[in-house]
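K.L.:
predicted model and sequence below, questions to follow.
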Amino acid sequence: MMTFRNSFAAAIRVQWFLRGVIMTFSLFITRVMLILFIGMIAAVCAGADTAKSPSSLDAEAISLRPDFTAVVVKDAGLWPQLQITDEGTLLAFGYNAPAHTTLPADVECWASDDGGQTWIQRGIAAPRPAADANYCHWASGFGAKNELLLVASGMDDAANARGQRAPNDVHMFRSTDVGKSWSSSGEFPKRLPGDLKPYPFGSIVCGRDETLRTIVYSVDEAHQNIESAWMMTSRDAGLTWVEPVKIAEGINESVLQPLAGQDWLCVARTSNKPAPELGQELRQFRSTKGKPGDTRNRWR
């Protein structure tokens, strides 16, 4: 009887021992699983941060600390554009009135010969067509032999003092003395396909095929003011502009860059989602050539 009791007690002790081992092992496994789970969550979060980080990394990478700042002009300078000559002279173009298209004004040219530390007025690139008018839409760039070119339009009766505020026509201006004096010569279409009025913006760019290109945008007042951007081409150093090709609808102010071969890249501001209520985007478009012999670009 005593032997049975001792055996039973030993069995109980073994059972409790095994139960303790099992509980300890289960607790160990639970902890290991928990650590692995936390590790997985951390990896996912790190991946999400990595996925989001390019914008912040890019912002950090392109963050600049200027060596100096300088005032180019006071009470003027809207829609600035910057050009640089082969000799290193900086030329800044801007609207020379403190208003957003609603005051008479010209497109003025300012120059710096010391890397932007000091600026002086160089000339009036596009003098207003009338005393109460302005030029507030333009594109600038270089043509042949470092000739400066400007395509400009604006508003007649800019302040609406006579109740006749309306867009005026596009005109061509050029300078052969680095912006000191300007003349009006050349032809630019007054209308785009669909009888739409062109509004210049951005730069005049020389392509790899030695043609000049620029972008204008249009506003279709008959169809809910739909805006579109168009590429224009000059094959005679900016004297005439032809071949309007629509890049896309729903965009307006755009910049243009030549790519390898005869392709082009365009980055444009959307107009069908005006800020700030509905947000706004920059969209990219790329052109390719059409069939052999077709000189027009196709955009996608």
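P.N.:
Great, that's in hand. Remember, it's a predicted structure, so these values are computed and weren't measured experimentally. Numbers count the residues shown, from 1 in each chain.

K.L.:
show me the protein divided up by domain.
P.N.:
The record assigns the chain these domain ranges, following automatic domain parsing: 1-63, 78-299.

K.L.:
out of these, nearest to Thr69?
P.N.:
Among these, the nearest to Thr69 by CB to CB is domain 78-299 (9.3 Å). The way it works is simple: take the backbone N, C-alpha and C, and place the C-beta from them, glycine included.

K.L.:
can you tell me the distance between the two ends of that closest one?
P.N.:
30 Å (CA to CA, to the nearest Å).

K.L.:
and what of stretch 280-298?
P.N.:
25 Å.

K.L.:
residues contacting the closest residue to Leu282 other than its chain neighbours?
P.N.:
Using CB to CB, 6 or more residues apart in numbering and skipping the chain neighbours, the partner closest in space to Leu282 is Val267 (5.7 Å). Applying CB atoms under 8 Å, 6 or more residues apart in numbering, one finds that Val267 lies in contact with 254-255, 257, 282-285.

K.L.:
repeat the analysis, applying 10 Å as the threshold.
P.N.:
Contact partners of Val267, counting by CB atoms under 10 Å, 6 or more residues apart in numbering, are 202, 251, 253-257, 282-285.

K.L.:
could you tell me the least trusted of the domains of the chain?
P.N.:
Mean pLDDT is lowest for domain 1-63 out of the domains of the chain, coming in at a mean of 52.

K.L.:
and the strands in the stretch 201-300 of the chain?
P.N.:
212-220, 226-234, 242-249, 251-258, 264-270, 282-289, 297-299 (DSSP state E, counting those that start in this stretch).

K.L.:
what would those look like in a markdown table with distance to Met155?
P.N.:
Output for the strands of the stretch 201-300 of the chain, formatted as a markdown table (distance: least, CB to CB, whole Å):
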| stretch | distance to Met155 |
| --- | --- |
| strand 212-220 | 13 |
| strand 226-234 | 17 |
| strand 242-249 | 22 |
| strand 251-258 | 16 |
| strand 264-270 | 20 |
| strand 282-289 | 26 |
| strand 297-299 | 29 |
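
K.L.:
lovely, talk soon.
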